[in-house]
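Chemist: coordinates only, no sequence provided:
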């Protein structure tokens, strides 16, 4: 029997990792603070659906679940832009036909992973088990049973923390700051988010275009919507906390309704329960977390949101966390038997890439709310579609990040930014270039 | 009687602030975790002396202590560079005669401030009082008495945290991260420091030049020394933790001695107790802390290292903290009676400048250890001296930061970097320019 691997956090990343480690024959003990979500009603108002794309699918494919999960998905072929005045318009994600992203239920996906996890005899899931502390040198985690209040501990050969942005494992590294030279940053946008909902039609259909990610960009703020299998859409508004249109300013029913009627009249008529959702659902914060190192003493490692929480605007949070598992598995394959080597190789390989997707996600916030309605930007996106159709090896920045799962995020960022600068320049100056000329220029700079 | 101001931390910044607030007639309660340093033996091995310069002196002048403290100082007119092979050489800090920095004892300065604080009837200092938590909305701080173990609390009209890089007040803001959108970063160099000592001569004189800050730059690492009034020097080595010359590599007496004989032979012969100091004194970390906001609800504010810890390489940590008190006092003068206005105006005015000095201090680490021995850099510093002598309104970056106390750090950084780029370019290309031509070029870019 192989070594004991203690995994803290049975969210998407932790459960996928647990499955993979079980497939490799380790004794896996997976602890989750919350109750078994298969038995409880799901908590509403928080990231109900997510965009699954190539990097995530590649990692699901590794454990043999790719095809199964694709059945739970709704393809989204582009951004449906809804201007305040005027017709909505589809801006495709890629010029290639096979490239699309997938709307998937966070809860549904997590449940599918937990069911798969149950099929392994060498994988035990412990729910209601709240990690309070990890001893870094002995790989021992302390837990509080959320039902009985009882304290218990468990020792692994290694501990891997996949316990999200508020990670308890990270807190244990942080409390050893001087010894580990633990670098850490948390950075919040002055914007928050609130989830709302568009229900299905009477005959369980979709009230607006099903196969798109909808955006109502309003300069400095926006509302988006992603489709669900049951005909509903999960709607998320991203607004500042303070000032014009701010959550703290829209503090009476009258003000909220007046504001939505002026700015989002089209979507408001699809939301019969608007005010109920607006009041019941919490206003969430949007933060980026970066840290380094991710491991201590070859005994404790973090991955997923625990080591790199990102804002949601590139739709890559879950995909990056799933990619962590894929990259970890590749490195484990090469260095199995030497955890310290595995852990340090992993953090070295990965931090640069998760820093890149964190920065790209911030960039995309400004792009989605401010630029998608800009004529030069629209021209540039159209040019990129033409390039992708004409030249199979050309990938836009968005396509490199989203559809080119074999290119590291950091390379996608570097190349993508150079391409964007050049293309925006061309579109701004209205130069008369053939597609082949533009393609040649792009080839030269990257 | 005016309102009650609770100040947490009676270090340099907190004690100066307490004096100023007492001068303004507030009821001041100053809590300090440690015992009264006037009664205890001082802890060795940690920042025994500091460089006091214009910004710090301006703030001491505000409370009427400038002249008194100058008597405790040793002027340092420049960097005495000690190359590995060859003669040492003084590189002056400024081309103006009156510009110099001052070596001062941290403990001595703190004691002078505490003695001054004792002269106010409306200022009470509570030692051995360890702040464990601050309630942000009620301005109530909880303390543990370090002698009796007893818990107590104190409520102020406001609380100001001046409790240093490991601030408990900041921890209380941090635990309200989502509500305050509390941004935070801690960033450690891969280098640490260790303090050593050169004793006085037999007749209480200085073994090496008294009026200079000594540097033994060794590319990637360095040793420095600052003079003390008693004839001794406080010596600090800045070396990496790992690798060649690293603290973890120099792990036997033989290796340490061999290393110092090869690299620092000159200084080694001045340190009879070298090995004792090397073993007894801790190896410290070097970190930068930034955060925002600095205040909560107009009730709690942080200043000094609590809100902006910097690495020591610009000699500005204490000066920046003293400047905090000066700027705070100016803003208080304008908005007295409205704490929220005072606090938010202060954080807005100040964070940009303390971020600048944090970044400049990191830059200076590389300059001190790597560049001061570079011929182009030496040429550029000489050119700057000539410019400062010839043109009274020209200030080098170092002079703007250190000797131009009326220019904000952020402006000094912006102008200074532009000047440095131009001057390095001129010196590198060996252009034949008159001093007046160079001055004209500098005027144009800033």
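Modeler: Sure, I can see it. No experiment lies behind these values; they were computed from the predicted model shown.
Chemist: what sits closest to residue A:358 if chain neighbours are left out?
Modeler: By the measure of Cβ to Cβ, 6 or more residues apart in numbering or on different chains, the closest residue to residue A:358 outside its immediate chain neighbours is residue A:310, 4.6 Å from it. Yep, even glycine has a C-beta here, placed from its N, CA and C like the rest.
Chemist: residues contacting that neighbour?
Modeler: Residues near residue A:310 by Cβ atoms under 8 Å, 6 or more residues apart in numbering or on different chains: A:288, A:316, A:317, A:320, A:354, A:357, A:358, A:361.
Chemist: that one belongs to a strand?
Modeler: No. Under DSSP: H, G, I helix; E, B strand; the rest coil, residue A:310 sits outside any strand and is assigned coil.
Chemist: now it: how far from chain B?
Modeler: According to Cβ to the nearest Cβ, to the nearest Å, residue A:310 and chain B sit 15 Å apart.
Chemist: can you tell me the element residue A:7 falls in?
Modeler: strand A:4-8 (DSSP states H and E).
Chemist: contact partners of that strand?
Modeler: When contacts are defined by Cβ under 8 Å, 6+ apart, strand A:4-8 is touched by residues A:14, A:17-18, A:21, A:26-31, A:131, A:134, A:139, A:141, A:154-163, A:168-169.
Chemist: now, of the residues you listed, which are buried?
Modeler: Listed as buried from the contacts of strand A:4-8 are A:14, A:17-18, A:21, A:26-31, A:131, A:134, A:139, A:141, A:154, A:156, A:158-163, A:168-169; burial here means 16 or more other Cβ atoms under 10 Å in any protein chain shown.
Chemist: how close does the residue nearest the centre of chain A get to residue A:12?
Modeler: Nearest residue to the geometric centre of chain A (Cα atoms, centre = their mean): residue A:317, 2.0 Å. Between residue A:317 and residue A:12 the computed distance is 9 Å (Cβ to Cβ, to the nearest Å).
Chemist: cool, and residue A:334?
Modeler: Relative to residue A:12, residue A:334 is positioned 25 Å away (Cβ to Cβ).
Chemist: so between these two, which is more surrounded?
Modeler: residue A:12 (25 against 11; other Cβ atoms under 10 Å in any protein chain shown).
Chemist: report the secondary structure state of residue A:191.
Modeler: strand.
Chemist: and it, how close does it get to chain B?
Modeler: Distance, residue A:191 to chain B, using Cβ to the nearest Cβ: 10 Å.
Chemist: any idea of the pLDDT on that residue?
Modeler: What the model reports as pLDDT for residue A:191 is 96.
Chemist: contacts only, for it.
Modeler: A:221, A:238, A:239, A:240, A:241, A:286, A:365.
Chemist: can you check residue A:129 too?
Modeler: Contacts for residue A:129 (Cβ under 8 Å, 6+ apart) come out as A:31, A:32, A:33, A:143, A:144, A:145, A:146, A:152.
Chemist: quickly find the element holding the residue in chain A that chain B sits nearest to.
Modeler: The minimum distance from chain A to chain B, using Cβ to the nearest Cβ, falls at residue A:185 (3.7 Å). Assigned by DSSP H and E, residue A:185 belongs to strand A:183-198.
Chemist: what's the answer for residue A:415, then?
Modeler: Assigned by DSSP H and E, residue A:415 belongs to helix A:409-429.
Chemist: what's the angle between the helix or strand following that helix and helix A:409-429?
Modeler: Following helix A:409-429 in sequence order, the next helix or strand is helix A:435-445 (DSSP H and E). Angle of helix A:435-445 versus helix A:409-429, following axes from the mean of the first three to the mean of the last three Cα atoms, to 10 degrees, is 140 degrees.
Chemist: and helix A:435-445, how far out from the chain middle?
Modeler: Centre-to-centre, helix A:435-445 and its host chain are 32 Å apart (Cα atoms, centre = their mean, to the nearest Å).
Chemist: would you mark the buried spots in that helix?
Modeler: Within helix A:435-445, the residues that qualify as buried are A:438, A:439, A:441, A:442, counting by 16+ other Cβ under 10 Å.
Chemist: just the pLDDT at the first one, thanks.
Modeler: With respect to pLDDT, residue A:438 scores 95.
Chemist: next up, the contacts around it.
Modeler: Contacts of residue A:438 by Cβ under 8 Å, 6+ apart are A:383, A:387, A:423, A:426.
Chemist: same thing but 10 Å
Modeler: Listed by Cβ atoms under 10 Å, 6 or more residues apart in numbering or on different chains, the contact set of residue A:438 reads A:383, A:384, A:386, A:387, A:390, A:391, A:394, A:422, A:423, A:426, A:427, A:431.
Chemist: make a ChimeraX selection of the buried ones in those residues.
Modeler: Per 16+ other Cβ under 10 Å, the buried members of those correspond to this ChimeraX selection:
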select /A:383,384,387,391,394,422,423,426,427
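Chemist: got any residues that touch both of residue A:317 and residue A:12?
Modeler: A:50, A:56, A:304, A:305.
Chemist: show me the strands in the stretch 101-250 of chain A, by range?
Modeler: Ranges of strands in the stretch 101-250 of chain A, per DSSP state E, counting those that start in this stretch, are A:101-105, A:123-126, A:129-135, A:140-145, A:151-155, A:158-161, A:183-198, A:213-217, A:222-227, A:233-240.
Chemist: within the sheet, what are the partner strands of the fourth one, with directions?
Modeler: Translated: strand A:140-145. Strand partners for strand A:140-145, identified by DSSP bridges, are recorded as strand A:129-135 (antiparallel), strand A:151-155 (antiparallel).
Chemist: name the surrounding residues that touch it.
Modeler: Here strand A:140-145 makes contact (Cβ under 10 Å, 6+ apart) with A:6-8, A:29, A:31, A:33, A:126-135, A:150-156, A:159, A:161, A:168-169, A:172, A:299-300.
Chemist: 6 Å - rerun?
Modeler: A:6, A:128-134, A:151-155, A:159 (Cβ atoms under 6 Å, 6 or more residues apart in numbering or on different chains).
Chemist: which pair in these spans the largest distance?
Modeler: A:128 and A:155 (19.9 Å; Cβ to Cβ).
Chemist: contact partners for residue A:66?
Modeler: A:57, A:60.
Chemist: report pLDDT for it.
Modeler: Here the pLDDT value assigned to residue A:66 is 98.
Chemist: before we move on, what about residue A:109?
Modeler: 96.
Chemist: can you check residue A:371 too?
Modeler: pLDDT recorded at residue A:371 is 85.
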